[in-house]
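**Student:** Sequence first, predicted coordinates after that:
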Amino acid sequence: MRSALLALILTTSAVYAEGFGAAGLLSGKNKEDLPPIILSSGVPLSDAPWVLKSGTYYEFEIQGDGSQELALVGPEFFRAIWVDEIVVEGLEIRPLGLDSIEFDEAGEMEIGFVAIKPGRYYLKIPGTTGETQRVEITIE
């Protein structure tokens, strides 16, 4: 599975590099925007669970208002996706993997990824137990 995904990504990157535009997984036809996650003291993270389709490219923003130092953890989710990029203040980061992210002050980031492994996952504020402090995620 990993070999096939890597070959697909390399093929897609090569086509894009030749000036033909994005194709396959990274094409605009395969991209969906998710609602933003708001990191703010006492505010629910999300209005509804996310239901994702394996093989689809997604983007979402995380907006921290600086009301409190807050993080999001979801190691199982981050291992079930391929993170294409994280954009913070115009800087693009292309990580090999993630475990968590943290906002020490107000700011915004955007994460682009491909959903890969079907299952049930979550993103949550560490140390919390309330349902409003987590986003339930299903990859079909």
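**Tutor:** In hand now; what should we look at? In this text the structure is predicted, and so the values were computed from the model without any measurement. Numbering: from 1, shown residues only.
**Student:** make it CA atoms for all contacts and neighbour counts henceforth
**Tutor:** OK.
**Student:** SS state for the most centrally placed residue in the chain?
**Tutor:** Among the residues of the chain, I111 comes closest to the average C-alpha position under Cα atoms, centre = their mean, at 4.6 Å. Following DSSP: H, G, I helix; E, B strand; the rest coil, I111 is assigned to strand.
**Student:** mind pulling up the phi and psi values for the nearest residue to it once chain neighbours are set aside?
**Tutor:** Excluding the flanking residues, the one nearest I111 by Cα to Cα, 6 or more residues apart in numbering is I86, at 4.5 Å. Here is the backbone geometry of I86 (degrees, to the nearest 10): phi -120, psi 130.
**Student:** How many residues are close by I86?
**Tutor:** 19 (other Cα atoms under 10 Å).
**Student:** Specify the beta-bridge partners of it.
**Tutor:** I93, I111 (DSSP bridges).
**Student:** In contact with it, which residues?
**Tutor:** 92-95, 109-112 (Cα atoms under 8 Å, 6 or more residues apart in numbering).
**Student:** I'd like to know which of the residues you listed are buried.
**Tutor:** By neighbour count, with 16 or more other Cα atoms under 10 Å, the contacts of I86 hold 109-112 as buried.
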